[in-house]
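Visitor: need the 3D shape of this:
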Amino acid sequence: MPAVSKGDGMRGLAVFISDIRNCKSKEAEIKRINKELANIRSKFKGDKALDGYSKKKYVCKLLFIFLLGHDIDFGHMEAVNLLSSNKYTEKQIGYLFISVLVNSNSELIRLINNAIKNDLASRNPTFMCLALHCIANVGSREMGEAFAADIPRILVAGDSMDSVKQSAALCLLRLYKASPDLVPMGEWTARVVHLLNDQHMGVVTAAVSLITCLCKKNPDDFKTCVSLAVSRLSRIVSSASTDLQDYTYYFVPAPWLSVKLLRLLQCYPPPEDAAVKGRLVECLETVLNKAQEPPKSKKVQHSNAKNAILFETISLIIHYDSEPNLLVRACNQLGQFLQHRETNLRYLALESMCTLASSEFSHEAVKTHIDTVINALKTERDVSVRQRAADLLYAMCDRSNAKQIVSEMLRYLETADYAIREEIVLKVAILAEKYAVDYSWYVDTILNLIRIAGDYVSEEVWYRVLQIVTNRDDVQGYAAKTVFEALQAPACHENMVKVGGYILGEFGNLIAGDPRSSPPVQFSLLHSKFHLCSVATRALLLSTYIKFINLFPETKATIQGVLRAGSQLRNADVELQQRAVEYLTLSSVASTDVLATVLEEMPPFPERESSILAKLKRKKGPGAGSALDDGRRDPSSNDINGGMEPTPSTVSTPSPSADLLGLRAAPPPAAPPASAGAGNLLVDVFDGPAAQPSLGPTPEEAFLSELEPPAPESPMALLADPAPAADPGPEDIGPPIPEADELLNKFVCKNNGVLFENQLLQIGVKSEFRQNLGRMYLFYGNKTSVQFQNFSPTVVHPGDLQTQLAVQTKRVAAQVDGGAQVQQVLNIECLRDFLTPPLLSVRFRYGGAPQALTLKLPVTINKFFQPTEMAAQDFFQRWKQLSLPQQEAQKIFKANHPMDAEVTKAKLLGFGSALLDNVDPNPENFVGAGIIQTKALQVGCLLRLEPNAQAQMYRLTLRTSKEPVSRHLCELLAQQF
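Guide: As a prediction, the model looks like this:
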């Protein structure tokens, strides 16, 4: 209830509330309420006019009765009459009643609107605030239509009180969220943004909330807010706790405003202005430095406010993904929280590190905490924290630690909570497949997985191991031996029986020479499990038996006896009965040659996407992962299944603010052909996952399985779409956006990331290049709730680029639903050296308005580098051969980023060259070599980078056999440091 002075107290209301509280039963309460309602109704209908005090008292009683859960069907007009009072308490009660009880479709809305207009025009700040609060609380479209044009004027008026500006900003925010089309901000935009410079911190806080919402729909209109937000954030971060006393919360200056400003900055890419960017980086470093300082208070409110700013700062650093030093520092700071006594901090640290693990700059730093994360997986009492620890282990896994992580996750699986066991199983299966150092380890891991958590091993997992064993001759014997030993356990899971039945039926002959695993022993072992299995598994075993007749003729009589048994020929299940009859007839009638032909070994499975990752994505939910979560790719990783299976990549569980490029289901791949005489069983088994919806080729599962050089007679043989779409000419599209060059430079030394993002659209890139061929996946994410119409991304070749670079594109859907994403595949062939990248033109209609933007596609000449290892003697000999002035390009420049040797090495490797150790006499220098592969010729390239840490300068020298290439590579690489 609103606070009132002692002289204005409503004694009748206090007595009524006391009576209600003293009621001994529900019936007594209802009786007292009905009595009071009758009294109030009689007062309102009486001949005697009520004064303002009485109206206020009775309206308050009605409001209290309504809040107790009883319907109120009268008194609304009296509440509206209170709005015209000049007394604050009466007007306050009237607005309170209307905000709570009046429906937006009420017939009284027009009267209420007139009263609100009078208060807004009164210039009385108290009455204006009450009116603005009412508009925000009701928030109906009718009120929006009536006041949307007035509120911005009040907000930016020079004579408006600070409290009125606050209320106006929040009221406008409420109306914008309810009906964005009713809030015209065009003429007010600059003045609203300027509120970020207001002296009153409350006004700034309200304005930041409003601008953050507005810029999501019109980012370009509000881009000037970035510099003002950075300036305001800098003043807050650098201030002492005594500078902003009214807005200091437990020694933390303006924590809510700081968090809001950091979230506003996450709506935009890094600032283009070097001074603004430098000031922002300084702010972020200051926040990280303050996190290391001892706390100024032991109260939890202090640590909560301090940590809220820190975690939002780390989110901004991750969003920019362009400052290696900050990313590593953020990772180290999160690492300190992994052992904090506060459970929430440990959870948030693990969640943020999952995202950091996908950055090429911070992945190595995340890996240093592997022991702490493993310990959290074992000892955490909170299941949600344990799940985040498992997610982080999954995200930080690479070839160097795969065995350790898989082993720990298997060990944890034995005691894991039932709710997350299936997810852990899928992650172990994906990691084992991706980082298998040899196939025997992969087979051991999957069989161990089935042994430990067989109930949670989905069909996708054991289908996958069968595909890989079938496609690898070198592992078939080991797999047969291992599964035979596993089946000898007294308690054997049914999934193990399925795997054993298939593998022994196909490759049991490879271990039949050992008396301990002779054909009769194999059959006896499998048949001992037969009666304990489900119908589907029995059907598979019957197919294994008929295979045995072909592989081991000596078992024919025994198996025919089993098939001839009444329990099979007269089985209640039609499928088992049919198989038994058909297999018995086939084994009796067919000759040996016919039997061998019909029951020949299954052929290798064709290339197909891994359905395990698809299963994990479906389990995590449609918006759970980003197609760009993993910006890394282990260069030494070999695809399992002979390189034919697309490699699944690291998937982490993102925070709720992750981008919208989640994976969507795509049409399933074609089912593999089965042997003609497999008797239906193996066709049924392997048609299952292929018929289910699975994810299309995404950066997290189906990237480039292999890119081999094309045959001479078919130069584009590997490129999937032989008919390129007709591109518009450069004259048909607008110029590239101003930041196109900066966005392109981000991808010179990396292949994966977010190419462009505003509040409507996010464009992600995932690509791989080999020799003169490349394949690129573009992900277009609709970040709004409104469908994009006439969506048309096209690739344009400016100038002579058409003769230098061949780019073939696949069309995408013309409609992109709100919150959805579409994928476009680009196949690229470098015909000869080029200096200008192709352009990407994206056109679509959003809310009826045409949208268009032009970007530079991140395809630069260094993408076709092939690293070349050279001895020191060979390097210097080649260096001298490239001694002509036009073959060398050199540039001396000042460092734009902190000079870190590890970051420099990562960038040079990302650029494409091989780093040569022990070549340069100065160990601080970097020497590299590589060959640029084009269809027409090969261009050798040698480079030398000499850092001078004292002067904060670099000298870069490149020598190639072609002058334009030398200059272009020198310019590209110099911009990275």
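Visitor: check the closest residue to Pro738 other than its chain neighbours and give its pLDDT.
Guide: Counting by CB to CB, 6 or more residues apart in numbering, Glu272 is the residue found nearest to Pro738 once chain neighbours are left out, at 7.5 Å. Every C-beta, even on glycine, is put in place using the N, C-alpha and C of the backbone. pLDDT for Glu272: 87.
Visitor: measure Glu272 to Arg141 for me?
Guide: Distance, Glu272 to Arg141, using CB to CB, to the nearest Å: 39 Å.
Visitor: ok, Leu173 next?
Guide: For Leu173, the distance to Arg141 - CB to CB - is 16 Å.
Visitor: so for those two, which sits in the more crowded spot?
Guide: Between Leu173 and Arg141, counted using other CB atoms under 10 Å, the more crowded position is Leu173 (20 against 14).
Visitor: pretty sure that one is in a strand, no?
Guide: No: with DSSP: H, G, I helix; E, B strand; the rest coil as the criterion, Leu173 is assigned helix and is not in a strand.
Visitor: contacting residues around it?
Guide: Leu173 is in contact with Ala206, Ser209, Leu210, Cys213, counting by CB atoms under 8 Å, 6 or more residues apart in numbering.
Visitor: if you set the cut-off to 7 Å instead, what comes out?
Guide: With contact taken as CB atoms under 7 Å, 6 or more residues apart in numbering, Leu173 is in contact with Ser209, Leu210, Cys213.
Visitor: redo those as a markdown table? Include pLDDT, distance to Thr313 and secondary structure.
Guide: Formatted as a markdown table, the contacts of Leu173 follow (pLDDT from 0 to 100; distance: CB to CB, whole Å; DSSP: H, G, I helix; E, B strand; the rest coil):
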| residue | pLDDT | distance to Thr313 | secondary structure |
| --- | --- | --- | --- |
| Ser209 | 93 | 19 | helix |
| Leu210 | 92 | 22 | helix |
| Cys213 | 91 | 21 | helix |
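Visitor: need those in JSON lines with neighbour count, can you?
Guide: Converted to JSON lines, the contacts of Leu173 look like this (neighbours: other CB atoms under 10 Å):
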{"residue": "Ser209", "neighbour count": "19"}
{"residue": "Leu210", "neighbour count": "23"}
{"residue": "Cys213", "neighbour count": "18"}
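Visitor: from the residues you listed, pick the one nearest Leu958.
Guide: Of all the contacts of Leu173, Leu958 sits closest to Cys213, with 48.4 Å by CB to CB.
Visitor: quick one: classify Leu755 as helix, strand or coil.
Guide: Three-state assignment for Leu755 (three-state DSSP): strand.
Visitor: burial measure for Leu542, as a count.
Guide: With other CB under 10 Å as criterion, Leu542 counts 26.
Visitor: isn't it right up against Arg579?
Guide: Yes: between Leu542 and Arg579 there is a contact under CB atoms under 7 Å: 4.7 Å.
Visitor: quick check: which element contains Leu855?
Guide: Using DSSP states H and E, Leu855 sits in strand 849-856.
Visitor: what angle separates that strand from strand 753-757?
Guide: Angle, strand 849-856 to strand 753-757, by axes from the mean of the first three to the mean of the last three CA atoms, to 10 degrees: 140 degrees.
Visitor: name the helices or strands packed onto the helix or strand following strand 849-856?
Guide: Where DSSP H and E defines the elements, the next helix or strand beyond strand 849-856 is strand 865-867. The contact analysis (3 or more CB pairs under 7 Å, 6 or more residues apart in numbering; DSSP states H and E) places strand 865-867 against strand 926-933.
Visitor: check which helices and strands the strand it packs on sits against.
Guide: With contacts defined as 3+ CB pairs under 7 Å, 6+ apart, the packing partners of strand 926-933 are strand 865-867, helix 901-911, strand 914-915, strand 938-948.
Visitor: out of those, which gets nearest to Lys962?
Guide: By CB to CB (comparing all of the helices and strands packed on strand 926-933), the closest turns out to be strand 938-948, at 5.4 Å.
Visitor: quick check: which ranges of the stretch 1-150 of the chain have low pLDDT?
Guide: 1-9, 104-106 (pLDDT under 70).
Visitor: what do you get if the cut-off is 50, keeping everything else the same?
Guide: Residue ranges of the stretch 1-150 of the chain with pLDDT under 50: 1-7.
Visitor: show me the helices in it, by range?
Guide: Secondary structure of the stretch 1-150 of the chain by DSSP state H, counting those that start in this stretch: the helices cover 11-22, 26-45, 52-67, 76-82, 88-101, 109-120, 125-138, 141-147, 150-156.
Visitor: mind putting the contacts of Leu173 in CSV, distance to Phe791 included?
Guide: Compiled in CSV, the contacts of Leu173 are given as follows (distance: CB to CB, whole Å):
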residue, distance to Phe791
Ser209, 32
Leu210, 30
Cys213, 25
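Visitor: and of the residues you listed, the nearest to Val822?
Guide: Looking across those and measuring by CB to CB, the closest to Val822 is Cys213, at 26.5 Å.
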